[in-house]
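> A predicted structure for the sequence below; I have some questions about it.
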Amino acid sequence: MDEQALLGLNPNADADFRQRALAYFEQLKISQDAWQVCAEALAQSIYSDDHIKFFCFQVLEHQVKFKYSELTEVQQQLIRETLITWLQAQMLNPQPEKTFIRNKAAQVFALLFVTEYLTKWPKFFFDILSVVDLNPRGVDMYLRILMAVDAELVDRDVVHTSEEARRNTLLKDTMREQCIPSLVESWYQILQNYQYNNSELTCQCLEVVGAYVSWIDLSLIANERFINMLLGHMSVEVLREEACDCLFEIVNKGMDPIDKTKLVESLCQVLQSAGLFSIDQEDDVDFLARFSKLVNGMGQALIASWTKLVKNGDMKSAQDTLQAIEAKVALMLQLLVHEDDDISSNIIGFCYDYLHILKQLSALSDQQKANVEAIMLAVMKKLTYDEEYNFENEGEDEAMFVEYRKQLKLLLDRLAQVSPELLLASVRRVFNTTLQNWQTTRFMEVEVAIRLLYMLAEALPVSHGAHFSGDVTKATALQDMMRTLVTSGVSAYQHTSVTLEFFETVVRYEKFFAVEPQHIPTVLMAFLDHRGLRHTSPKVRSRTAYLFSRFVKSLNKQMNPFIEDVLNRIQDLMELSPPENGYQALLSSDDQLFIYETAGVLIVNSEYSAERKQVLMRNLLTPLMEKFKVLLEKLMMAQDEDRQMALADCLNHAVGFASRTSKAFSNKQTVKQCGCSEVYLDCLQTFLPALSCPLQKEVLRSGVRTFLHRMIICLEEEVLPFIPSASEHMLKDCEAKDLQEFIPLINQITAKFKTQVSPFLQQMFMPLLHAIFEVLLLPAEENDQSAALEKQMLRRSYFAFLQTVTGSGMSEVIANQGKDSSFSKDSTMVILTHLLFKKIISPVPGGKDGPVGFADFVYKHIVPACFLAPLKQTFDLADAQTVLALSECAVTLKTIHLKRGPECIQYLQQEYLPSLQVAPEIIQEFCQALQQPDAKVFKNYLKVFFQRAKP
């Protein structure tokens, strides 16, 4: 072997050596006999370096996985002998191999098992057992091989082909017949031998039993000698977690519902008599988390049995099973309320399914009602944050608690389905008690009290948020709680979690303010002062900006008395923050978008006259326009690129803010009706000069383009005078992405205004075509997938444009391009046009016929483009450039014929060429040349055709 290359296997080797090692590995993979060198190295223990040993196993793994069928009988036998020899050596070596080598070896054994067990190596497991006997190192490898085999056969994370799935089923069936009883016996012997003196091997063996129990005969494991041993392990500290998992897999095994109930009940009796149900006396939270998972499995198994028995009509057995379930509820509640969230989380499935049973019962017993209340109290307690939760810098632990809270929410929703009255009464009691003394109550208790009120909205759903009408009891309770929330002063609580929960709840129950509008000023002040938009926490300010926007939108006309006061109070929050002042604004630009939208909504939805609305909108947007002009001048003079970027971003924000205010308009309240057209036209005139700025083009164009999209919707025809100039600027020095984003703007204009913009489309069609081709014809590196994808997307955008033009009834725009004399004279433009036509026709989406109307487009526009320019007197057939253009016409026509077949020939013969006054014999000649398989024949003929066909 190449010793120099092998040096690169060391993780500390430099990049060159690592690259060489990688290349050497690839070389060995394709070599015919290199694997034999690796096999010899493993069998004879030639190398002591762990990374080289691992490397040798990788080469063998590749050989077995991909090239095994190419080997001779002798070579296959050599691989088997190599692995057995290596296994024998493990029991004699002074030190065990590293874990990663043992795992890789086990994978190779498993691959060989999958390949050979059904044919050449039926005694696979017996041969391994005869080698390892009860030697600890041998047993370790045997157990690792078993886990690797299980992973190959039943691992659901591995995607198998249907053929592999059939093979795996056959392997499992054969194993069940031939060796599983012997393997189970070996597991029992291993557990018996090592349970007191080698916990690592015992745990490994328990893991194997847990893995295999899902697909072998359960009676081999669920019997007195095995269960007693496993229960014994439950009392051994180093074994009990793995024993728990093993019992969980046994309980999880599919079986007859009555037998399952008996199995679970017998397990429970023994576990209870062993004192394992005394949760409060157990300090080991890791074990309790596994135990909780086991109890959850037993509970869900019993519930699944109950469901099947009810479905089968066996009500006597179903009642017995229900009693068994009820007997576990006390234990379930202990685990659910445990202070460790992992332990609690693991039992939620059982809890949820138990509530589902209660929901199906016609009436609940007193005990069942007590259970529901106990679950409810447990959920309320567990929803509470703990002291360690880091609100300012949320990490993994915090994310896990958020997920856990989501699980508890599902339980609360299920509780509401079982007993909505009880849930409402419980939440009301907790809420009122807490809010009465919020000043002296810990933040987490105040937060959870408000959170419970918030969660009721989904737990007790109504249509369109109408919580304060309909059911009087519920409406009264919610109204009382909301009144307490907004009048108690709790919004001033000095903790971000309480503040945020207050605003979230106020917005969720916005319909309350329609019933009691007198509270609107109180809540508005909370939003606007240090409790909300001016809070010390950026997180609170950011979320409040969004919630304030929702609150104002939902109240609509009820905001009328407060509009100008609110606009004055938020004025400083809307200031555009230029990069040079070093001032840290209270709100980010994203948050300011919501404030601008809110201001727009207040003005547009107000009951003011159109004149007053115009004044207010101008007051809102004029500072943006003035700042924009100043910043654009600064950008034009800026030298430093970082400063240029900062200024461009600021300009983009200004355009974005103005654009966002326009979201307030609707069909009922248009820009024109509100008298605001002039203000937005002024904005357009202010922003459009940015398109001619040579610096930071991508950022500036993106912002202005978005604004134009909005103005097309809002200003309608009034925007049209600005479009030609804007389009001209946006087509200068553009890249694929610019064009992709520009074309939807043209599509929007075309689809909305149709024939109104026909002159504009006539004018910009060829410049757009030219810009597209400039980008498409740019050379790109062969492996530059990003550039290839951008070009592909551009072709699609262009095709969408053509569809929009033809779909808007303006096909003549395309047809007229061919009639344009300047177009006809420009042979380069003809070449570009035909290159694009080919790109459109060849990969056309939508199957053979393409999208609806595509064939019509080809015949009405692409075919004429192949004839009209060359038939002009100005088209010099002797010029070299025009000959090249003619060649492109030929390729386009051949492509159309290839795609459309006889239909194309029929159209040319019977419709199109006769319309050009071409003689019948020349038409016949033309169609025969077009059908020739050799494209060169048609190319050469085409020049002759045009010479003869020209008038």
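Nice, I can see it.

> Spatially, and excluding backbone neighbours, which residue is closest to residue 511.
Sequence neighbours aside, residue 465 is the residue nearest to residue 511 in space, at 5.2 Å (criterion: C-beta to C-beta, 6 or more residues apart in numbering). From N, CA and C alone the C-beta is placed, and that goes for glycine too.

> Quick check: pLDDT value at the one you found.
Confidence at residue 465, expressed as pLDDT, is 74.

> which ones are touching it?
Contact analysis of residue 465 by C-beta atoms under 8 Å, 6 or more residues apart in numbering lists 457, 508, 509, 510, 511.

> Out of those residues, list just those in helices.
Counting by DSSP state H, those place 457, 508 in helices.

> Nearest to residue 916, out of the contacts of residue 465: which one, please.
Lowest distance from residue 916 to those (C-beta to C-beta) belongs to residue 510, with 69.0 Å.

> and residue 255, what are its phi and psi?
The phi and psi values for residue 255, taken as degrees, to the nearest 10, are phi -160, psi 180.

> do you know how far it is from residue 303?
Applying C-beta to C-beta, to the nearest Å, the value for residue 255 to residue 303 is 15 Å.

> who's more crowded, these two?
residue 303 (20 against 16; other C-beta atoms under 10 Å).

> So that one: helix, strand or coil?
helix (DSSP: H, G, I helix; E, B strand; the rest coil).

> nearest spatial neighbour of residue 809, skipping sequence neighbours?
Spatial nearest neighbour of residue 809, excluding adjacent residues (C-beta to C-beta, 6+ apart): residue 754 at 6.3 Å.

> Local confidence estimate at the one you found?
Reported pLDDT for residue 754: 88.

> Does it belong to a helix, a strand or coil?
Recorded secondary structure, residue 754: helix (three-state DSSP).

> contacting residues for it?
Residue 754 makes contact with 808, 809, 810, according to C-beta under 8 Å, 6+ apart.

> Just the buried residues of these.
808, 810 (16 or more other C-beta atoms under 10 Å).

> is it possible to export the contacts of residue 754 to a markdown table including pLDDT?
As requested, these are exported to a markdown table (pLDDT from 0 to 100):
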| residue | pLDDT |
| --- | --- |
| 808 | 82 |
| 809 | 80 |
| 810 | 77 |
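
> Nearest to residue 545 among the contacts of residue 754?
Looking across the contacts of residue 754 and measuring by C-beta to C-beta, the closest to residue 545 is residue 808, at 39.9 Å.

> Would you quantify the distance from the nearest residue to that closest one once chain neighbours are set aside to residue 720?
Nearest residue to residue 808, sequence neighbours excluded (C-beta to C-beta, 6+ apart): residue 754, at 4.7 Å. In this view, residue 754 and residue 720 are 12 Å apart by C-beta to C-beta.

> And for residue 600?
In this view, residue 600 and residue 720 are 24 Å apart by C-beta to C-beta.

> These two: which has the busier surroundings?
Per other C-beta under 10 Å, whichever of residue 600 and residue 720 has more neighbours is residue 600, with 24 against 15.

> which helices and strands sit right next to the strand or helix carrying the more buried one?
Take DSSP states H and E as the rule and residue 600 turns out to sit in helix 589-604. With contacts defined as 3 or more C-beta pairs under 8 Å, 6 or more residues apart in numbering; DSSP states H and E, helix 589-604 has these neighbours: helix 538-555, helix 563-569, helix 610-637, helix 641-661.

> now the shortest one, how far from the centre of its chain.
Read it as helix 563-569. A distance of 40 Å separates the centroid of the chain from that of helix 563-569, by C-alpha atoms, centre = their mean, to the nearest Å.

> contact partners of that helix?
The contact list for helix 563-569, computed with C-beta under 8 Å, 6+ apart, reads 524, 528, 552, 559, 599, 602, 603, 606, 608, 616, 619, 620.

> quick one: buried residues of the helix holding residue 600?
589, 591-604.

> Out of those residues, which is nearest to residue 647?
If you rank the buried residues of helix 589-604 by distance to residue 647 using C-beta to C-beta, residue 589 comes first, at 13.6 Å.

> need the contact list for the closest one.
Taking C-beta under 8 Å, 6+ apart as the test, what residue 589 contacts is 649, 653, 656.

> Compare the residues you listed and tell me which has the most neighbours.
With neighbours taken as other C-beta under 10 Å, the top of these is residue 653, carrying 24 neighbours.

> wait, isn't that one in contact with residue 578?
No - in this structure residue 653 lies outside contact range of residue 578 using C-beta atoms under 8 Å: 10.0 Å.

> about what we covered before: would you turn the contacts of residue 754 into CSV with distance to residue 749?
Below are the contacts of residue 754 laid out as CSV (distance: C-beta to C-beta, whole Å):
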residue, distance to residue 749
808, 10
809, 14
810, 11
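
> mind checking how far residue 734 is from residue 744?
14 Å.

> Could you do residue 546 as well?
Distance of residue 546 to residue 744, computed by C-beta to C-beta: 27 Å.

> between these two, who's got more neighbours?
residue 546 (18 against 15).

> gap between the nearest residue to the more buried one once chain neighbours are set aside and residue 713?
Among residues not flanking residue 546 along the chain, residue 594 sits closest, at 5.2 Å (C-beta to C-beta, 6+ apart). Separation of residue 594 from residue 713 (C-beta to C-beta) stands at 20 Å.

> And residue 417, by the same measure?
44 Å.

> swap in residue 483?
41 Å.

> looking at this structure, which helix or strand is least sure?
The helix or strand of the chain with the poorest confidence is helix 821-825; it has a mean of 43 (mean pLDDT, DSSP states H and E).

> Okay, strands next: where are they in this structure?
Using DSSP state E, no strands are found in the chain.

> Show me the shaky parts of it.
Applying pLDDT under 70 to the chain picks out residues 1-21, 23-25, 29, 579-583, 815-853, 881, 951.

> tell me which residues of stretch 453-465 are tucked away?
Neighbour-count burial for stretch 453-465, counted by 16+ other C-beta under 10 Å, picks out 453, 454, 455, 456, 459, 460, 462.

> no, scratch that, I was asking about stretch 151-159
152, 153.

> what does that stretch rub up against?
Outside stretch 151-159, the residues that touch it by C-beta under 8 Å, 6+ apart are 110, 111, 113, 114, 168, 171, 172, 211, 214, 215.

> residues making contact with stretch 472-483?
Here stretch 472-483 has contacts from 420-421, 424-425, 427-428, 431-432, 453, 456, 460, 467-469, 505, 509, 512, 515-516, 519, using C-beta under 8 Å, 6+ apart.

> do that again at 6 Å, thanks
Identification of contacts with stretch 472-483 by C-beta atoms under 6 Å, 6 or more residues apart in numbering yields 424, 428, 431, 453, 467, 468, 509, 512.

> residues in contact with the first one?
Meaning residue 424. For residue 424, the contacting residues are residue 477, by C-beta under 6 Å, 6+ apart.

> One more: the fifth one?
Applying C-beta under 6 Å, 6+ apart, one finds that residue 467 lies in contact with residue 478.

> Can you give me the distance of it to residue 515?
10 Å.

> ditto for residue 77
Residue 77 is 86 Å from residue 515, by C-beta to C-beta.

> the more surrounded of those two?
Per other C-beta under 10 Å, whichever of residue 77 and residue 515 has more neighbours is residue 515, with 15 against 12.

> Give me the nearest residue to that one, chain neighbours excluded.
Spatial nearest neighbour of residue 515, excluding adjacent residues (C-beta to C-beta, 6+ apart): residue 468 at 4.9 Å.

> ok, the one you found - contacts?
Contact partners of residue 468, counting by C-beta under 6 Å, 6+ apart, are 475, 479, 511, 512, 515.
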